[in-house]
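Colleague: turn this into a model:
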Amino acid sequence: LLLASTIMAGTVLYFDSLKQLALKHTLSGISSSDLNILIETKIGPTTADVHAEVAGIVEDEINSRINWILRSVLRGGRTPTFYLTSSGNEHNAGQDNARTYFTFLPELNKHVTILSGGGYPSPNALRSSAGVPKLEVLIPEDSAIHLDLEVGDNLSAVPVWSGDVPFVSVVVSGIFRKNKPLDNEFWDFEERSLRSVSGSDFRSLPLFVPRESFINIVGVSLPKMESTYAWFLKVDVGQIDNWNSSMILSDMYVMNQALAGKLSNYSQISELDNALREYDKRIFFSRVSMFVVLILIVIVVLYYITTLSSLVIESRSSEISLLRSRGSDKTQTLTAFAVEGATIALIAVIGAPVLAAISIGGLGFTAPFSGLTGGTSLSVNVTGSAYILSAVGGILSFVAIMIPAFQASKVQISEQRRRVARPSTLHVLQRY
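Modeller: As a prediction, this is how the structure comes out:
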């Protein structure tokens, strides 16, 4: 009984472990950056109320759907492209290939070092004339070298559209250098989402500002401007396994549909959902063969149990006769075997999945699997399905035991003596 239940439970655990290996192999072929989730939406005007509303919608969906598989979340935003000129030369805007844009990245200070003589920009507006907004900005070292800029330089960002203020005046408060080693995920987010697309033929200068400056100075001064807000969801791949992959795929789809319905110009970019979708497709076609194997195992187990139970009952035929000779009727005799079989079956059903999990986990150390597992144990999760199959194995085994017991309980004492004197031929199940 224990062996039968272990085999039944072990079947589903083994298949689950193989599916886990397949999922691990699928995800390992994709870079961690591509498995992360990038959410973007473009909306205007750029005001505190609009930003708060959009952020609330997006982060509510993130927290309710997939927050449990995330390591952290990066946030940021950027404006459209502006013409870039030196201060006082705004009338020549667009005559050369210099372009700029404003961007905010709250965690920037953790990943950069301000070069000597500079500092982080103030979130407050600076004094300016003629109603032109003026603020401090931070620029990267490579852009400063390329455009020959220094701390204290004054520049103008001229909108490509009309109707708002003629330009925004900026002062370079600091120049930063990226910390080494680079945080590839952080700078990948900045490159993929927060850089204005202006082409390789343009000299582009990113102007990093505090979020308060971005909204309360730039946004307020340019009421017609739409801004792009972005969230970079860093996925913890270790949280993804065969048992929750379908739920993750479903949650990502529901989140995408919900946000697409609430936000304009919305996009959700990730290779994770494509990888999980492809994995599910492959697993779907393998389930048929797994089911066939499971049926064959059930048949073999039942044959094995029936054969063994027939032998056991036959070997205990004298015990049955003794019970019958002491006045025990058929029901009482059958009850004794039923209690014995049920007790053994219950123990087997409870212990079999654990025994199967230990055995299957140990396969990871064997030669056929060590190349896939790295010499560690196979990942095994004792699920409810394992206990269900263990129970099925226990019940079928119990029935297989009770059938020979039921037949033996009907044998009279005289018939038992005849069989002892003249043994009958073997049953067909015992003969082959």
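
Colleague: hey, where'd the strands end up in the stretch 151-300 of the chain?
Modeller: Listed in chain order, the strands of the stretch 151-300 of the chain (DSSP state E, counting those that start in this stretch) span 154-159, 168-178, 203-208, 227-235, 266-269.

Colleague: identify whichever of the ones you listed lies nearest to Asp329.
Modeller: strand 227-235 (67.1 Å; Cβ to Cβ). Using the backbone N, CA and C atoms, a C-beta is placed for each residue, glycine as well.

Colleague: the closest one packs against which elements?
Modeller: Contact here means 3 or more Cβ pairs under 8 Å, 6 or more residues apart in numbering; DSSP states H and E; on that basis strand 227-235 packs against strand 37-43, helix 48-65, strand 70-78, helix 184-193.

Colleague: if we use 10 Å, what do you get?
Modeller: Where contact means 3 or more Cβ pairs under 10 Å, 6 or more residues apart in numbering; DSSP states H and E, strand 227-235 is packed against helix 32-35, strand 37-43, helix 48-65, strand 70-78, strand 98-104, helix 184-193, strand 266-269.

Colleague: TSV for these, including distance to Met225?
Modeller: As requested, these are arranged in TSV below (distance: least, Cβ to Cβ, whole Å):
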stretch	distance to Met225
helix 32-35	30
strand 37-43	11
helix 48-65	11
strand 70-78	11
strand 98-104	10
helix 184-193	18
strand 266-269	18
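
Colleague: most tightly surrounded among these?
Modeller: With neighbours defined as mean count of other Cβ atoms under 10 Å, these peak in mean count at strand 98-104, which reaches a mean of 23.

Colleague: what sits against Gly163?
Modeller: Counting by Cβ atoms under 10 Å, 6 or more residues apart in numbering, Gly163 makes contact with 222-224.

Colleague: what about 7 Å?
Modeller: By Cβ atoms under 7 Å, 6 or more residues apart in numbering, Gly163 lies in contact with Lys224.

Colleague: in a strand, Pro106, correct?
Modeller: No - going by DSSP: H, G, I helix; E, B strand; the rest coil, the assignment for Pro106 is coil, not a strand.

Colleague: for it, report the pLDDT, please.
Modeller: pLDDT for Pro106: 94.

Colleague: quick one on the thing from earlier: which among the helices and strands packed on strand 227-235 is found nearest to Ser379?
Modeller: Of all the helices and strands packed on strand 227-235, helix 32-35 comes closest under Cβ to Cβ, at 18.6 Å.

Colleague: so what does the closest one touch, helix or strand wise?
Modeller: If contacts are counted by 3 or more Cβ pairs under 7 Å, 6 or more residues apart in numbering; DSSP states H and E, helix 32-35 sits against helix 184-193.

Colleague: who's in contact with the helix it packs on?
Modeller: Under the criterion Cβ under 7 Å, 6+ apart, residues 33, 36, 38, 40, 74, 76, 105, 111, 178, 230, 232, 234 lie in contact with helix 184-193.

Colleague: then stretch 115-123?
Modeller: For stretch 115-123, the external contacting residues (Cβ under 7 Å, 6+ apart) are 109, 114, 135-138, 141, 151, 173-177, 209-210, 212-213.

Colleague: what is the end-to-end distance of that stretch?
Modeller: With Cα to Cα, to the nearest Å as the measure, stretch 115-123 spans 20 Å from end to end.

Colleague: from here on, count from 3
Modeller: Happy to do that; since the first residue is 3 now, the last one works out to stretch 117-125.

Colleague: do you know the pLDDT at the nearest residue to Met254 once chain neighbours are set aside?
Modeller: Of all residues not flanking Met254 in the chain, Asp275 sits nearest, at 4.9 Å (Cβ to Cβ, 6 or more residues apart in numbering). Asp275 is assigned a predicted lDDT (pLDDT) of 91.

Colleague: what count of nearby residues applies to Asp275?
Modeller: When neighbours are defined as other Cβ atoms under 10 Å, Asp275 has 19 of them.

Colleague: pretty sure it contacts Ile250?
Modeller: No - counting by Cβ atoms under 7 Å, Asp275 does not reach Ile250; the two are 8.4 Å apart.

Colleague: who are the packing partners of the longest helix belonging to the chain?
Modeller: Ranked by residue count under DSSP state H, the longest helix found in the chain is helix 274-317. Counting contacts by 3+ Cβ pairs under 7 Å, 6+ apart, helix 274-317 packs against helix 4-30, helix 247-264, helix 386-411, helix 430-433.

Colleague: I'd like the average pLDDT over the second one.
Modeller: To tie it back to what came earlier, the one meant is helix 247-264. 93.

Colleague: show me what that helix is packed up against.
Modeller: helix 50-67, strand 268-271, helix 274-317.

Colleague: which of the ones you listed sits closest to Val220?
Modeller: Between the helices and strands packed on helix 247-264, helix 50-67 lies closest to Val220; by Cβ to Cβ that is 12.0 Å.

Colleague: now do the SS call for Ala127.
Modeller: Going by three-state DSSP: Ala127 is coil.

Colleague: secondary structure element for Thr87?
Modeller: Following DSSP states H and E, one finds Thr87 within strand 84-88.

Colleague: okay if I get the strands of the stretch 153-302 of the chain as CSV plus mean pLDDT?
Modeller: CSV is the format used below for the strands of the stretch 153-302 of the chain (pLDDT from 0 to 100):
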stretch, mean pLDDT
strand 156-161, 95
strand 170-180, 96
strand 205-210, 93
strand 229-237, 96
strand 268-271, 93
